[in-house]
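1. make a model of this:
(2 chains)
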Amino acid sequence: MGKIAASGRNWGERKAAAEPQAAKQGEARRLVAVLELTNISKHFGAIQAVNDVSLSIDAGQVVGLMGDNGAGKSTLVKMIAGNFPPSHGTMQMDGKELILHKPVEARQHGIEIVHQDLALCNNLTAAANVYLGRELRRGLGPLRILDYAAMYKRAGQIFAELKSETRPRDLVKQMSGGQRQAVAIARTMLSQAKIVLMDEPTAAISVRQVAEVLNLIRHLRDQGIAVVLISHRMPDVFDVADRVIVMRRGRKVADKTIASSSPEEVTGLITGAIEQV
Amino acid sequence: MAVTLDQTIAHKQHTLLSKVFASQTFWVVIAVILACLFLSVATDSFATTKNLYNITRNVTFVAIVALGMTFVIITGGIDLSVGSVLCLCSMVLAVTMHAGYGIEIGIGAAIATALIIGAFNGVLIAYLGFPPFVVTLGMLSIARSLAMVASNNTVVFQFGPDHDKLLALGGGAWVFGIANPVLYMIVLAMITGFVLRWTKFGRHIFAIGGNEHAATLTGVPVRQIKVVVYMISALAAGLAGIIQTGWLGAVTTNLGNGMELQVIAATVIGGANLAGGMGTAFGAVVGAALIEVIRNSLGLLGINAFWQGVFIGGAILLAVLFDRIRNFRRND
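-> Here you go, the predicted model:
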């Protein structure tokens, strides 16, 4: 699997920069999968939203999760994010069973979500948004005050790691789509995230900003973080992902390396023109 | 790369000076100062110790309630019940003390009343999803009615054994001849400013006003915070009621009638945005000051008091107009 994935790095016009990453990747591969789903099903009453899906995701791997509306993508992701438990099947993280009751617990386990609408407050600074809900404070007891300096500093460092031009003191109101994405993604890097779930990060932004976001995803991957990219945009998935998983009517119909697939095949799988591979 | 990481981290969008000039509060301060200068020159009666003492003290009641309202407005809510809550708390204090209880018990009962009303408003709004406008409009009616029930719609002016203590509390001037209410206002404004700027709670209030959904998704305890915010607003109204009782020396059931509109006007003039996400403690106080100076000056200049509403309404529109103009320029 490691070999296949490594060759997957050379799909299309991957840059020379891919090589050290491939080595890094191989290193990570020797460990257990970060996240492993076994025979996961979810039904709401009579509706079978997700049907017997098994998959595993490794550290530093970008997985494109594709499928038409109602194929079960978001239900699957919501189970990983702790929004609701699966009806059947088990989830494992780093080889240990993972049972989530609330989204907060998912976060504690190192599962971070970048929401489709990014969940940003326009009236706050970039740093305030990054730290929203987990503000740093200094001082003692009830007199603990916000530690602005530390938050600006750390947020600035994260933006630098992401190679984003976002500045920590700028108001989110005045930012471009790409910068806003950087703020939302920076949140996932505050704690030791192991896996980042991204819901349609490139759906509503300009072409130039899409490139910016795809770079952000690569930076996450380079730090050994697994990324699940839910997207309708074929070019994005084929540009940045190592693997593509296609769902149709609640079932997993394909799980292939990008190198061994093609946009035509994936389109066929999504629509049902190709039954299963 | 010419720009170092430290420079990026330290980079500010505005210098201190441009930030000051860009703030609505600053221009309101200028307006207050200009009005005061003009009145000092144009009239003999404005710049007298007695008149200034009156103005500063009159500002405080609206300002203290406006401080509480600022919290609510920053979250994107509104509290229309403050005038009635002020009246009810005054009445609870008056009736309790009139019945022979001490000042501590009276004040305790008034504060407890305020907190219960605030919690009631907050729970309906945060947990049951009622619109703030409707809940607090209902409470506006309920609280005033309860004040009438508590006093049988009479004027209370005998406050039992601690009568003099209460009057000293609200009517005295313990430090440098500054009216006591002004001191309370300054202390409360400083606490409000501190909470908004330096605490996690304050940060979360701004987040809720900016994007409530985002605040929920990032784990901010939105509902609890909303309840607390309405409790703070009611508490501010209650405190203003206690102080005003001590100052007036009598409580009637039309105390604080229509005050909610003045309070909201003060907050908005001071730069708070009714859509949420913006507001400062200083702005609330300055807004209250501008309203009071306008009222006072109309009297001194011999203009018919019927014109008051026009001038205060004009000030609200003008303050918001400046804000709109700045926004248009920024968006261009």
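2. which SSE is residue A:89 in?
-> Following DSSP states H and E, one finds residue A:89 within strand A:88-93.
3. kindly apply the preceding question to residue B:26 instead.
-> Here residue B:26 is assigned to helix B:24-42, by DSSP H and E.
4. check which helices and strands that helix sits against.
-> The contact analysis (3 or more C-beta pairs under 8 Å, 6 or more residues apart in numbering or on different chains; DSSP states H and E) places helix B:24-42 against helix B:281-300, helix B:308-331. In short, each C-beta sits where N, CA and C put it, glycine included.
5. who wins for proximity to chain A among those?
-> Closest to chain A of the helices and strands packed on helix B:24-42 is helix B:308-331 (C-beta to the nearest C-beta; 8.1 Å).
6. that's a strand at residue A:48, yeah?
-> Yes. According to DSSP: H, G, I helix; E, B strand; the rest coil, residue A:48 belongs to a strand.
7. what values do phi and psi take at the nearest residue to it once chain neighbours are set aside?
-> Among residues not flanking residue A:48 along the chain, residue A:250 sits closest, at 5.3 Å (C-beta to C-beta, 6 or more residues apart in numbering or on different chains). Dihedral pair for residue A:250: phi 80, psi -10, per degrees, to the nearest 10.
8. ok, back up a step: same for the strand holding residue A:89, what does it pack against?
-> strand A:35-44, strand A:47-57.
9. make JSON lines out of those strands and add mean pLDDT and mean neighbour count.
-> Below are the helices and strands packed on strand A:88-93 laid out as JSON lines (pLDDT from 0 to 100; neighbours: other C-beta atoms under 10 Å in any protein chain shown):
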{"stretch": "strand A:35-44", "mean pLDDT": "92", "mean neighbour count": "18"}
{"stretch": "strand A:47-57", "mean pLDDT": "91", "mean neighbour count": "18"}
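10. need the residues of the stretch 1-150 of chain A near chain B, please.
-> With C-beta under 8 Å from any C-beta of the partner chain as the criterion, the stretch 1-150 of chain A meets chain B at residues A:103-104, A:107, A:115, A:117-124, A:128, A:132-135, A:137, A:144-146.
11. now do the stretch 151-277 of chain A
-> Applying C-beta under 8 Å from any C-beta, we find that the stretch 151-277 of chain A lies next to chain B at A:152-153, A:155-157, A:159-160, A:167-171, A:174, A:187.
12. swap the cut-off to 7 Å and go again
-> Residues of the stretch 151-277 of chain A lying close to chain B (C-beta under 7 Å from any C-beta of the partner chain) are A:152-153, A:156-157, A:160, A:167-171.
13. from those, which is closest to chain B?
-> Closest approach between those and chain B, by C-beta to the nearest C-beta: residue A:156, at 3.5 Å.
14. so that closest one is in contact with residue B:8, correct?
-> Yes. With contact defined as C-beta atoms under 7 Å, residue A:156 counts as touching residue B:8 (5.5 Å).
15. who has more neighbours, those two?
-> Applying other C-beta atoms under 10 Å in any protein chain shown to residue A:156 and residue B:8 shows that residue A:156 carries more neighbours, namely 25 against 20.
16. list the buried residues of the helix or strand containing that one.
-> For residue A:156, the host element (DSSP H and E) is helix A:148-161. Neighbour-count burial for helix A:148-161, counted by 16 or more other C-beta atoms under 10 Å in any protein chain shown, picks out A:148, A:151-160.
17. quick one: name whatever helix or strand follows it.
-> Along the chain past helix A:148-161, the next helix or strand (assigned with DSSP H and E) turns out to be helix A:177-188.
18. name the helices or strands packed onto the following helix or strand past that next one?
-> On the C-terminal side of helix A:177-188, the closest following helix or strand by DSSP H and E is strand A:195-199. Counting contacts by 3 or more C-beta pairs under 7 Å, 6 or more residues apart in numbering or on different chains; DSSP states H and E, strand A:195-199 is packed against helix A:73-80, strand A:111-114, strand A:226-230.
19. the first one packs against which elements?
-> With contacts taken as 3+ C-beta pairs under 7 Å, 6+ apart, helix A:73-80 sits against strand A:35-44, strand A:47-57, strand A:195-199, strand A:226-230.
20. mean confidence score for it?
-> The predicted model assigns helix A:73-80 a mean pLDDT of 89.
21. same question for the second one.
-> Here the mean pLDDT over strand A:111-114 is 90, rounded to a whole number.
22. could you find the closest non-adjacent residue to residue B:226?
-> Ranked by C-beta to C-beta, 6+ apart and with sequence neighbours excluded, the top spatial neighbour of residue B:226 is residue B:126, at 3.8 Å.
23. how many neighbouring residues does the one you found have?
-> Going by other C-beta under 10 Å, the residues that sit close to residue B:126 add up to 22.
24. got it, and residue B:94?
-> So residue B:94, with other C-beta under 10 Å, has 29 neighbours.
25. that one: which element?
-> Assigned by DSSP H and E, residue B:94 belongs to helix B:82-98.
26. next SSE downstream of that helix?
-> The C-terminal neighbour of helix B:82-98 among helices and strands, as given by DSSP H and E, is helix B:103-126.
27. may I see the buried residues of the helix or strand where residue B:147 lies?
-> Here residue B:147 sits within helix B:132-151, counting by DSSP H and E. Using 16+ other C-beta under 10 Å as the test for burial, helix B:132-151 gives B:132, B:135-137, B:139-140, B:142-144, B:146-147, B:150-151.
28. what's the closest non-adjacent residue to residue A:97?
-> residue A:90 (6.1 Å).
29. and residue B:51, by the same measure?
-> residue B:45 (5.9 Å).
30. burial of residue B:54, as a residue count?
-> Residue B:54 has 14 neighbouring residues, counting by other C-beta under 10 Å.
31. need the contact list for residue A:202.
-> A:210, A:213, A:231, A:233, A:236 (C-beta atoms under 7 Å, 6 or more residues apart in numbering or on different chains).
32. go again using 6 Å as the cut-off
-> Residues in contact with residue A:202, defined by C-beta atoms under 6 Å, 6 or more residues apart in numbering or on different chains, are A:210, A:213, A:233, A:236.
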